[in-house]
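# When you get a sec, could you give me coordinates for this:
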Amino acid sequence: MLILPAFSFVQAATTFAILHPTPTSVTIKVGGLNLNQTYNFKLSLDNQTFRLLQVQADAAGTARPDFLNLFPGKTYDLNVTDLVFSFVGNFKFTTQSAATPNMVISSFTDKSVTMGADGLIPSQTYKFIISSSTEVVYEKIINNVTRASDSFSNLTPDKTYNLNLKQYDPSSGILTDGATPIQFTTKTAAVPTMTVDPSDITTISVKVLLSGLDSHQEYKLLISTSTKLVEEKIILLVEARPYTFSNLASGTAYNLNLKKYDPSTGFLTDFGVPSIPFTTKSTSTPTMTFTPASPTTFVTINATGLTPSQKYVFAISYEGNVVDARNSEVTATNETATTPFSDLTPGKNYVVTLFSSKDLSKQVAPPIFFTTKTPEGGGTGDTGGGNETPPSTGGGGLVPCDNSSGNLCDFNALMKLVNTVIKFILYDMVIPIAAIMFVYAGFELVTSGGSTEKRGIAKKVFTNAVIGLIIAVAAFLIIRTILSILGYSGSWIGFNPIQ
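Okay, here's the model as predicted:
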């Protein structure tokens, strides 16, 4: 029997050297290996397999396994075996340290938290982890960045959580510390409220204030009578702000309800916010009064019981003719409106009517009547009762005012003075002079006796008189137009007031 000699390969002593170290990677030079033989390189961290590589030794018996995505500042064990897992050698090394990442919470509410981190290593993978004392509620993988931010919005109000930023190895699933943990407690949930201020209830509207609602929940705000739903509003992304229902019926009882709303099913759910019953204000009949009790040329009209924010038109007239009409918007606080009328004529019977600006064919209040007082002695003064005012010169003097009550020296008084001067020039000067010139021209024409010279004089005088009269009337019309643009609303030489 032929016995073959046994051959054995004696392996030289294994050597290890670190090449190109960084906080997250390293190359290990392993020498003393069999030429061109493949080896297993197992890298462990805290007794857990972290990486497993197979690398073939070169012709010099050297292998250079590269280990990437390591954790900074951690100690690893490298174990080398051949393909039948015979031990070849082992080596322990520590990766370079890196700056510790910084983690902060920028804000949190009763159900959400926003966090951020910087000082991260781009080649390293991290995990944001939010956990309570019993469970992990959120994880988010972060990589390839030096700074990261994230938020989570499904937390429980008034509960304590831990926020961690861990270094994470996706291939092995190993987590190691990355940043200092932060503990936080979510805020107590706001109590949902619905309120109505009685001052926000009018004859046709109501204002509702909502607060403390969940910004991730949809709601419905409903207003109804005892028999029907009147209107509903979908509420989402709520801030504390009012919502208004308009076009309600006056003097009517309503109920306000706030419910959670599921748009996918259309279901409405009560959640503890009580309904609010209210009744809109009753509509009262508007009324008008005037001051002073015995007006002469000035009167103030006061109207009450009007609809807030509604515009009205006051019209004053006598002998069936409207002499002035003015718009006035009602104040929302006291449902009243006031407007003055000036340049009234003493001794006239006036009537004031009130219309809504939406319908000028229908009166909204009973009309009021008054008679302007005729001043004694031809003046415009009021000598009646408790409203006695000094006599003025407005009846026959050049200056039409005396700054007494109802006879103010305002813009209209100045325009009345201009009007008086124009009337004097037109009636007392221009027309008489024109008449005299016409008579003179006629006399010259009659007595010319066939004289060409006298007929020429008569014709020239007649033509000049006509031209002068035309110029005077044209000047009056121009001035009247300019003063009307400036806002004068009084009467002009027998014409109706300018509207």
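# Outline the domain layout of the chain.
Annotated domains of the chain cover 15-94, 102-185, 193-279, 287-387, 411-486 [automatic domain parsing].
# a markdown table for the ones you listed, including mean neighbour count and mean pLDDT?
C-beta here means a position set from N, CA and C on the backbone, and glycine is covered the same way. Formatted as a markdown table, those follow (neighbours: other Cβ atoms under 10 Å; pLDDT from 0 to 100):
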| stretch | mean neighbour count | mean pLDDT |
| --- | --- | --- |
| domain 15-94 | 16 | 91 |
| domain 102-185 | 16 | 90 |
| domain 193-279 | 14 | 88 |
| domain 287-387 | 17 | 77 |
| domain 411-486 | 14 | 80 |
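# what's the helix or strand for V439?
V439 belongs to helix 431-446 when assigned by DSSP states H and E.
# what's in contact with that helix?
K454, R455, I457, A458, K459, V461, F462, N464, A465, G468, L469 (Cβ atoms under 8 Å, 6 or more residues apart in numbering).
# got the CA positions of it in PDB?
In PDB, the C-alpha atoms belonging to helix 431-446 read as follows (Å, rounded to 0.1, in the frame of the first residue of the first chain):
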ATOM      1  CA  ILE A 431     -81.900 145.300 -18.000                       C
ATOM      2  CA  PRO A 432     -82.800 148.900 -17.200                       C
ATOM      3  CA  ILE A 433     -79.700 150.200 -19.100                       C
ATOM      4  CA  ALA A 434     -80.600 147.900 -22.100                       C
ATOM      5  CA  ALA A 435     -84.100 149.200 -22.100                       C
ATOM      6  CA  ILE A 436     -82.900 152.800 -22.100                       C
ATOM      7  CA  MET A 437     -80.600 152.000 -25.000                       C
ATOM      8  CA  PHE A 438     -83.400 150.400 -27.000                       C
ATOM      9  CA  VAL A 439     -85.600 153.500 -26.400                       C
ATOM     10  CA  TYR A 440     -82.800 155.800 -27.500                       C
ATOM     11  CA  ALA A 441     -82.100 153.700 -30.600                       C
ATOM     12  CA  GLY A 442     -85.800 153.800 -31.500                       C
ATOM     13  CA  PHE A 443     -86.000 157.500 -31.000                       C
ATOM     14  CA  GLU A 444     -83.000 158.100 -33.300                       C
ATOM     15  CA  LEU A 445     -84.500 155.900 -35.900                       C
ATOM     16  CA  VAL A 446     -87.900 157.600 -35.800                       C
END
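# which other helices and strands contact the helix or strand following it?
Counting by DSSP H and E, the next helix or strand C-terminal to helix 431-446 is helix 452-486. Other helices and strands packing on helix 452-486, by 3 or more Cβ pairs under 8 Å, 6 or more residues apart in numbering; DSSP states H and E, are helix 411-423, helix 431-446.
# now the longest one and helix 452-486, what's the angle there?
To tie it back to what came earlier, the one meant is helix 431-446. 160 degrees (axes from the mean of the first three to the mean of the last three Cα atoms, to 10 degrees).
# got it, and the shortest one?
Helix 411-423 and helix 452-486 meet at an angle of 170 degrees, taking the same axes, to 10 degrees as the criterion.
# So what's the gap between helix 411-423 and the chain middle?
Mean-position distance between helix 411-423 and its chain equals 49 Å (Cα atoms, centre = their mean, to the nearest Å).
# Also stretch 89-98?
62 Å.
# End to end on it, go ahead and measure it.
End-to-end span of stretch 89-98 (Cα to Cα, to the nearest Å): 29 Å.
# How about residues contacting that stretch?
By Cβ under 8 Å, 6+ apart, stretch 89-98 touches 14, 16, 18, 21-24, 26, 28, 30, 32, 70-80, 121.
# okay, how far is it across stretch 299-313, tip to tip?
16 Å.
# Show me the strands in the stretch 201-350 of the chain, by range?
206-211, 219-224, 229-235, 241-245, 253-262, 267-269, 276-279, 287-291, 299-304, 311-318, 321-329, 336-341, 349-356 (DSSP state E, counting those that start in this stretch).
# partner strands of the last one, parallel or antiparallel?
What that stands for is strand 349-356. Strand 349-356 has its sheet partners listed here by DSSP bridges as strand 311-318 (antiparallel), strand 359-363 (antiparallel), strand 368-371 (antiparallel).
# Now distance to Y219 too, for those strands, in a markdown table please.
Converted to a markdown table, those look like this (distance: least, Cβ to Cβ, whole Å):
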| stretch | distance to Y219 |
| --- | --- |
| strand 311-318 | 35 |
| strand 359-363 | 38 |
| strand 368-371 | 50 |
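# Out of these, which gets nearest to S342?
strand 311-318 (10.5 Å; Cβ to Cβ).
# Contacts for that closest one, please.
Residues contacting strand 311-318 (Cβ under 8 Å, 6+ apart): 299, 301, 303, 306, 322-330, 337, 339, 341, 344-345, 348-358, 360, 364.
# cool, stretch 111-119 as well?
99-108, 126, 128, 130, 142, 146-157, 161, 163, 165, 179, 182, 184, 186, 189, 214, 216.
# okay, which residue is most central for the protein?
For the chain, R241 is the residue whose C-alpha lies nearest the centre (Cα atoms, centre = their mean; 11.1 Å).
# Which parts of the stretch 1-150 of the chain are strands?
15-19, 26-31, 38-45, 48-56, 66-67, 75-82, 87-94, 102-108, 113-118, 125-131, 136-142, 147-152.
# Of the ones you listed, which is nearest T279?
strand 102-108 (43.2 Å).
# Name every strand pairing with that closest one and say which way it goes.
strand 113-118 (antiparallel).
# From what I see, E231 and F245 are in contact.
Yes: assessed by Cβ atoms under 8 Å, E231 is found in contact with F245 at 5.7 Å.
# joint contacts of those two?
I223.
# was I right about T125 contacting P170?
Yes: with contact defined as Cβ under 8 Å, T125 reaches P170; the gap is 5.9 Å.
# Nice, that's everything, thank you.
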